[in-house]
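Visitor: quick one, fold the following:
(2 chains)
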Amino acid sequence: MSSAQIEPLGDCALLIRFGDRISVAVNARALAATAALLQADLPGVREVAPAYASVCVQYDPVVWADPTRQHTPFAHIALHINKLVDNAAFIPTPAMRTGIEIPVRYGGDFGPDLAALAAHAKLTQDAAIARHCAGDYRVAMLGFAPGFPYLLGLDAALHAPRLANPRTRVPTGSVAIGGAQTGIYPRESPGGWQIIGRTPLVLFDSVRDPPALLQPGQHVRFRAINAAEFAELSP
Amino acid sequence: MTIHVLAPGLLSTVQDGGRSGQAALGVGHGGAMDTVALRLANILVGNVENAATLELTLRGPRLRFDSDSLVAVTGADIEAHCGDAALPMWRPLAIRAGSELAFGNVRRGARSYLAVAGGIGIAPVLGSRSSDLNAGLGARALIAGDTLPTEPASRYVAPSLWRELGATPCAATKWSLDPQPWFDSGLRRSIRVIAGSHSPHLDNASQRALFSAEFRIGADSNRVGYRLHGPALALREPLELISEGVMPGTVQLPPGGDPIVLMAEAPTCGGYPRIAQVIGVDLPHLAQHRPGEVLRFAETSLDDAQTRYLERERAMARVARIIAERLRD
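Guide: Predicted structure coming up:
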């Protein structure tokens, strides 16, 4: 296991990188480092946010100013972080392991790109849906928009290029595929991924606790639903 | 304790120090674009530095205060009147109940900050009262007819100002804060950056251009980011990148070749090459640039950036102490 690389992201943040590819093992190290850093509760640390293969740590350079002036604040905090993350292990909580099921109305108006994506994969639409529902996914990270989950575990047959011309409006709840990634748009926004369906679940609600439906590390499955179920499950 | 919005201005939003501790959920920081002007406006009225203010963009609003209020205006140089009197900036102002504050155009810079003693008291969302227009968090931009509650403020802040107020609608302190170095009325054309993780992947011409060419801020620039138009920048060869953390000040290079500087409403992650990072002390200066203006990047080191950051924070603390002392009179 290669050791983590720490690089500055400007003067108030740094990235701890464990690799440069999307992989379950590398992401587990990022999640482990995140947990270790949150546990350590270092002073002057404003944010600890995991991504696929890295963790972004935002810190206050004033708090990490080295009284001996030997190190920059970056070098000072990097020394502490190195010790913390090297031996961190990812231990999913029971809630992460139990996971969550996301009901999805696939195809038609709710998934306008499903037909093209299935054709690209040389599958029928039903077979593409079955493969998307068969996967055991894990939330690698949240980003792009509040509560937007980037999921690991997409069947290789379903990998699909991003749209040449991104849509200016992707509807709330859209389940989409971009390259090897699958995710869910928490609110209407522009987007370049291929939309295969829509969930009635609310992915992000600022007055709910926790506001994000999914957390990094959590397991996720998809289940196909019909129009009646979609209406019933809609808020 | 209410502020009535009679006319909204071009883009007036409630802004404070932003949201923290939720980047892991994909919640960006947001908050004031010019964080230094925000903090100084609050310091001038005796608030905590990151209290909620109004961020006024290019053309300000018309507001009526229904109770006596202590206010201050910092940041971009903006026309402002209270009745017939032109309002000076960078100092505490006592405003009589019922008075109207009429802001006009921004003369220099892009964003002014109006702090009210006590702070704007709208309900916080995820720990901040700031409007994140891109993420849809917090209040929308102000429209005519809006009312903004303010938190109660102590009458013991600047007591002499209230005695001076008498029957006039407003009174200003004789003393004021020197806008230099906080607001550069010459508008700093040279923005200092640290090389980004992927700048070594730029081709030779692009590496030279990044630190020497002029870039014009695009018309579609906003609180999320500034799109820059200049010589098209290119990588030696395409990079296969996966999403990683980004920050306000991160300069990204999308495939089109026009760099984007992420600003206050930056998302928490991005997958474009990061070719530079605006240093913390220059980000407030960049926030005062408007679409159509031209800037250059000057390269500096992380060491220099952090040294300047610590110097600025020491200077801010000094100013805060001096003003707090003055506000006792």
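Visitor: what's the domain layout of chain A?
Guide: Domains of chain A are assigned by automatic domain parsing as A:5-85, A:94-233.
Visitor: of these, which approaches chain B most closely?
Guide: For chain B, the closest of the domains of chain A is domain A:5-85, at 2.6 Å, according to CB to the nearest CB. Glycine gets a C-beta too; all of them are placed from N, C-alpha and C.
Visitor: any part of that closest one near chain B?
Guide: Yes. Using CB under 8 Å from any CB of the partner chain, domain A:5-85 reaches chain B at A:7-13, A:15, A:17, A:20-22, A:34, A:46-56, A:58, A:61-62, A:65, A:72-74.
Visitor: hmm, back to that, so can I have a markdown table of the domains of chain A showing mean pLDDT and mean neighbour count?
Guide: Compiled in a markdown table, those are given as follows (pLDDT from 0 to 100; neighbours: other CB atoms under 10 Å in any protein chain shown):
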| stretch | mean pLDDT | mean neighbour count |
| --- | --- | --- |
| domain A:5-85 | 94 | 20 |
| domain A:94-233 | 94 | 19 |
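Visitor: tell me how far the residue nearest the centre of chain B lies from A:Val55.
Guide: By CA atoms, centre = their mean, chain B has its centre lying nearest to B:Asp34, at 2.1 Å. For B:Asp34, the distance to A:Val55 equals 29 Å [CB to CB, to the nearest Å].
Visitor: correct me, but B:Val27 touches B:Ala135?
Guide: Yes. Assessed by CB atoms under 8 Å, B:Val27 is found in contact with B:Ala135 at 7.0 Å.
Visitor: anything in contact with each of those two?
Guide: Both B:Val27 and B:Ala135 are in contact with A:Pro146, where contact means CB atoms under 8 Å, 6 or more residues apart in numbering or on different chains.
Visitor: quick revisit: export the domains of chain A to a markdown table and tack on distance to B:Glu265?
Guide: Shown next, in a markdown table, are the domains of chain A (distance: least, CB to CB, whole Å):
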| stretch | distance to B:Glu265 |
| --- | --- |
| domain A:5-85 | 15 |
| domain A:94-233 | 11 |
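Visitor: among the ones you listed, which comes closest to B:Arg274?
Guide: domain A:5-85 (7.7 Å; CB to CB).
Visitor: what about B:Ala135, neighbour count?
Guide: B:Ala135 has 25 neighbours, counted by other CB atoms under 10 Å in any protein chain shown.
Visitor: ramachandran angles for A:His132?
Guide: Dihedral pair for A:His132: phi -70, psi -40, per degrees, to the nearest 10.
Visitor: residues in contact with it?
Guide: Applying CB under 8 Å, 6+ apart, one finds that A:His132 lies in contact with A:Val104, A:Tyr106, A:Leu154, A:Asp155, A:Leu158, A:Thr182, A:Ile196, A:Phe222.
Visitor: next, format those residues as JSON lines and append secondary structure and distance to chain B.
Guide: Below are those laid out as JSON lines (DSSP: H, G, I helix; E, B strand; the rest coil; distance: CB to the nearest CB, whole Å):
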{"residue": "A:Val104", "secondary structure": "strand", "distance to chain B": "20"}
{"residue": "A:Tyr106", "secondary structure": "strand", "distance to chain B": "25"}
{"residue": "A:Leu154", "secondary structure": "coil", "distance to chain B": "14"}
{"residue": "A:Asp155", "secondary structure": "coil", "distance to chain B": "19"}
{"residue": "A:Leu158", "secondary structure": "helix", "distance to chain B": "18"}
{"residue": "A:Thr182", "secondary structure": "strand", "distance to chain B": "14"}
{"residue": "A:Ile196", "secondary structure": "strand", "distance to chain B": "20"}
{"residue": "A:Phe222", "secondary structure": "strand", "distance to chain B": "20"}
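Visitor: checking the spatially most distant residue from the centre of chain A next. Helix, strand or coil?
Guide: Taking CA atoms, centre = their mean as the measure, the residue most remote from the mean C-alpha position of chain A is A:Thr68, 39.6 Å away. Secondary structure, DSSP: H, G, I helix; E, B strand; the rest coil: A:Thr68 is coil.
Visitor: how about the residues of the stretch 151-300 of chain B near chain A?
Guide: Checking the stretch 151-300 of chain B against chain A by CB under 8 Å from any CB, the hits are B:194, B:197, B:241-247, B:249-250, B:267-269, B:274, B:277-280.
Visitor: just the buried members of those?
Guide: Neighbour counting with 16 or more other CB atoms under 10 Å in any protein chain shown marks B:194, B:197, B:242-247, B:249-250, B:267-269, B:274, B:277-280 as buried within those.
Visitor: hmm, back to that, nearest to B:Ser20, out of the domains of chain A?
Guide: Nearest to B:Ser20, of the domains of chain A and by CB to CB, is domain A:5-85 at 5.1 Å.
Visitor: got the end-to-end distance for the closest one?
Guide: 11 Å (CA to CA, to the nearest Å).
Visitor: just give me how far that domain sits from the chain centre.
Guide: 18 Å (CA atoms, centre = their mean, to the nearest Å).
Visitor: just give the nearest non-adjacent residue to A:Ala227, would you?
Guide: Of all residues not flanking A:Ala227 in the chain, A:Arg105 sits nearest, at 6.6 Å (CB to CB, 6 or more residues apart in numbering or on different chains).
Visitor: the one you found and A:Ile225 touch, don't they?
Guide: Yes. The pair A:Arg105 / A:Ile225 is scored as a contact, 5.6 Å apart, by CB under 8 Å.
Visitor: hey, where'd the strands end up in chain A?
Guide: A:5-8, A:13-17, A:45-50, A:54-59, A:100-106, A:137-142, A:149-152, A:167-170, A:174-178, A:181-184, A:189-191, A:194-198, A:219-224 (DSSP state E).
Visitor: mind putting these into TSV with distance to A:Ala78?
Guide: Formatted as TSV, those follow (distance: least, CB to CB, whole Å):
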stretch	distance to A:Ala78
strand A:5-8	5
strand A:13-17	7
strand A:45-50	12
strand A:54-59	9
strand A:100-106	35
strand A:137-142	22
strand A:149-152	26
strand A:167-170	38
strand A:174-178	32
strand A:181-184	30
strand A:189-191	35
strand A:194-198	40
strand A:219-224	32
